[in-house]
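> Quick one: sequence plus predicted model below, questions after.
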Amino acid sequence: MISFPESLETDRLLIRAPLWGDGAAMNEAIIESLEELRPWMPFARKAPTMEESEAFARQTRLDFLKRSDLHLRIFNNLTGEFIGCSGLHRIDWDIRSFEIGYWIRTSCAGNGYITEAVKGITDFAIRELAANRIEIRCNAKNVKSASVAERTGYTLEGILRNNRLAENGELGDTKVYAKVRGSEF
């Protein structure tokens, strides 16, 4: 099992592995941001209970320790405020391929935090995990998420048509962005 740090810092952010007890801060951020998250995130179909959020926090801690899914929590370095979540998902350790996912609480949006987090996590994956491929996938209608991928230098490789069921029940498309060793890093 590969060993690597459980946290990283950028100029304004602390990005760390999930811990037991994170559920309360996550729950508060999800409740605050439910309307903005609902069109894109399956977990935002309904408001989670505090217990559901803590159960999720504990499960993601175990997944991190098993190296099966590397959920990450994002905090403001100065205030300690919980900003949102990210992580490295859909991991293929044989080829060192990862997918970065992310969401931000509404009150923190528009400050460049997610762009900063994605840059930091990308650098972490390259440096600490010897990544060969890093993807960002998003609903083709999610302009804000696609903009993060583009701002952080990911290349649009293609659009998967009618490959997802959108949160409104309609078929939707997915944009696939990537960075690969040898060309983008």
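Now that the structure is in, tell me what you want to look at.

> Quick one: neighbours of Val176, just the number.
A total of 19 residues lie near Val176 under the criterion other CB atoms under 10 Å. Bear in mind the C-beta positions are built from the backbone N, C-alpha and C, glycine included.

> so it sits right up against Tyr154, yeah?
No - the criterion here is CB atoms under 8 Å, and Val176 misses it with Tyr154 at 9.4 Å.

> which residues are common contacts for those two?
Ile136 (CB atoms under 8 Å, 6 or more residues apart in numbering).

> so Gly84 makes contact with Cys108?
Yes - counting by CB under 8 Å, Gly84 touches Cys108, with 6.8 Å between them.

> Between these two, which has more neighbouring residues?
Neighbour comparison, Gly84 and Cys108: the larger count goes to Gly84, with 24 against 19 (by other CB under 10 Å).

> Identify the residue spatially nearest to the more buried one, adjacent ones excluded.
Once flanking residues are discounted, Gly84 sits nearest to Ile104: 3.9 Å by CB to CB, 6 or more residues apart in numbering.

> residues touching that neighbour, list them.
Residues in contact with Ile104 (CB under 8 Å, 6+ apart) are Ser33, Ile74, Ile83, Gly84, Tyr113, Ile114.

> Same check on Leu70?
Leu70 touches Ala17, Asp63, Phe64, Gly87, Leu88, His89, Ile91, Phe98, counting by CB under 8 Å, 6+ apart.

> same thing but 10 Å
4, 6, 17-18, 60, 63-64, 86-89, 91, 98, 100, 121, 124-125, 129 (CB atoms under 10 Å, 6 or more residues apart in numbering).

> Which stretches in this protein count as helices?
Here the chain has its helices, by DSSP state H, at 23-37, 50-66, 113-129, 143-151.

> Let me have those helices in a markdown table, extended by distance to Glu167.
Formatted as a markdown table, the helices of the chain follow (distance: least, CB to CB, whole Å):
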| stretch | distance to Glu167 |
| --- | --- |
| helix 23-37 | 9 |
| helix 50-66 | 18 |
| helix 113-129 | 19 |
| helix 143-151 | 13 |
